[in-house]
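Engineer: have a look; sequence and predicted model below, questions after that.
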Amino acid sequence: MAAATIPDEEELARAGLRLDIDNGVATITLARPERRNAMTGRTWTTLAHVGHSLPASVRIAVIKGEGPSFSAGIDLGMFSPEGVEGERSLMGDFDGTPESRSALDEAIAGFQEGFLWLRRPDIVSVAAVHGHAIGAGFQLALSCDLRILAEDAQLCMKEPALGLVPDLTGTKPLVDAVGLNRAIELCLTARTISAAEARELRLAELVVDGAELDQTVDDLVAALLATPAAAAAATKGLLQQAAESSLHDQAAAERSAQIDRLADLAAQMRP
Ligand code: CAA
């Protein structure tokens, strides 16, 4: 199947995003610093579009934020009756009928697509987080395989405090990382987690001085790129299923993946 066309600069800008693709790395920048990189439905559907259209040569996706914050979460205008410019309000059209429930379900599923692709086995996703990562911003960071935090990072699952639930695919990685009890505490108090606590709770792989964030991410990316692509994708796939597999099934999956790898390597060695 032919890949979709990558969104152009204008479409990205309308969504508050920038995209640079270089040498196997797609860097996605949340680029609405004047709104602390608040995100709208369009941000997420465009993120989905980016994910579904990246060239096969892309092996790493880095997500970062411009300005003082990673992201202040959903653009609160999305909840106002008039919505944000050029987009439908999440509440304005909702009248509780089965039809409007189903329309909202479809809209949110489209938003979630912007977060789901970051788990693809053939891509390693890295969140470079500084400043606030609130609500949807925290969920975006949680959707990435790896999180590198600046010392000033502050994470907060704000949704329950606003009468809502985290619905952008963040609940599973949160529970996987911190356990059920801690996840309940973090979400239901909506308290802010410092970078140091995030490290302790295994919500961050590394915490670094803010001035070193970019270089640390570059070094990590270089190390990830040094591993052959097919082995990296197969290994990520195995690791992703490990928690939910029985030992027996996982051992079988390892054998099967290894046979594919050996077949591939043998083919490369044949004259
Ligand atoms: N939506 C829309 N505009 C926002 C915004 C948001 N989420 N966050 C910040 N802004 C705007 C502010 O209104 C302000 O605009 P003006 O210059 O026009 O006044 C501008 O961005 C700068 O914001 P601050 O002056 O507040 O900047 P700060 O650095 O002092 O504070 C902040 C930053 C702590 C992130 C603070 O702005 C804040 O608390 N924002 C709201 C966070 C929030 O509640 N987000 C929603 C979470 S729930 C969610 O994301 C998921 C979901 O689906 C429900």
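Structural biologist: Arrived safely, thanks for sending. Numbers count the residues shown, from 1 in each chain.
Engineer: now the residue of the stretch 101-250 of the chain found nearest the ligand: phi and psi?
Structural biologist: Proximity of the stretch 101-250 of the chain to the ligand (CB to the nearest ligand atom) peaks at residue 135, 2.3 Å away. From N, CA and C alone the C-beta is placed, and that goes for glycine too. Backbone torsions for residue 135, taken as degrees, to the nearest 10, come to phi 50, psi -120.
Engineer: cool, and the one 10 residues further on?
Structural biologist: Comment: the main-chain dihedrals of residue 145 come out as phi -70, psi -40, following degrees, to the nearest 10.
Engineer: give the contact list for it.
Structural biologist: 118-119, 124-126, 236 (CB atoms under 8 Å, 6 or more residues apart in numbering).
Engineer: top of those by neighbour count?
Structural biologist: Ranked by the number of neighbours (other CB atoms under 10 Å), those place residue 126 first, at 25 neighbours.
Engineer: related to what we said a few turns ago, which of the contacts of residue 145 fall in helices?
Structural biologist: Among the contacts of residue 145, the members falling in helices (DSSP state H) are residue 236.
Engineer: same list (the contacts of residue 145) but as a markdown table, adding distance to the ligand.
Structural biologist: Output for these, formatted as a markdown table (distance: CB to the nearest ligand atom, whole Å):
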| residue | distance to the ligand |
| --- | --- |
| 118 | 17 |
| 119 | 19 |
| 124 | 25 |
| 125 | 19 |
| 126 | 21 |
| 236 | 27 |
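Engineer: got the contact list for the residue of the stretch 101-250 of the chain closest to the ligand?
Structural biologist: Shown here is residue 135, whose contacts under the criterion CB under 8 Å, 6+ apart are 72-74, 156-159, 162, 166.
Engineer: my guess is residue 29 contacts residue 65, does it?
Structural biologist: Yes: between residue 29 and residue 65 there is a contact under CB atoms under 8 Å: 7.1 Å.
Engineer: out of these two, which sits in the busier spot?
Structural biologist: residue 65 (27 against 18).
Engineer: now the more buried one: how far from residue 189?
Structural biologist: 24 Å (CB to CB, to the nearest Å).
Engineer: do the same with residue 220
Structural biologist: Distance, residue 220 to residue 189, by CB to CB: 31 Å.
Engineer: these two - which one has more neighbours?
Structural biologist: Per other CB under 10 Å, whichever of residue 220 and residue 189 has more neighbours is residue 220, with 19 against 12.
Engineer: what helices and strands are in contact with the helix or strand where the more buried one lies?
Structural biologist: Under the criterion of DSSP states H and E, residue 220 resides in helix 213-225. Applying 3 or more CB pairs under 8 Å, 6 or more residues apart in numbering; DSSP states H and E, one finds that helix 213-225 contacts strand 60-65, strand 124-129, strand 146-150, strand 206-208.
Engineer: can you redo these as TSV with mean pLDDT?
Structural biologist: Compiled in TSV, the helices and strands packed on helix 213-225 are given as follows (pLDDT from 0 to 100):
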stretch	mean pLDDT
strand 60-65	98
strand 124-129	99
strand 146-150	98
strand 206-208	98
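Engineer: would you mind finding the most buried of the ones you listed?
Structural biologist: Highest mean neighbour count among the helices and strands packed on helix 213-225 (mean count of other CB atoms under 10 Å): strand 124-129, with a mean of 26.
Engineer: and the contacts of the following helix or strand past that strand?
Structural biologist: Where DSSP H and E defines the elements, the next helix or strand beyond strand 124-129 is strand 132-134. Under the criterion CB under 8 Å, 6+ apart, residues 36, 68-73, 140-141, 153-156, 158 lie in contact with strand 132-134.
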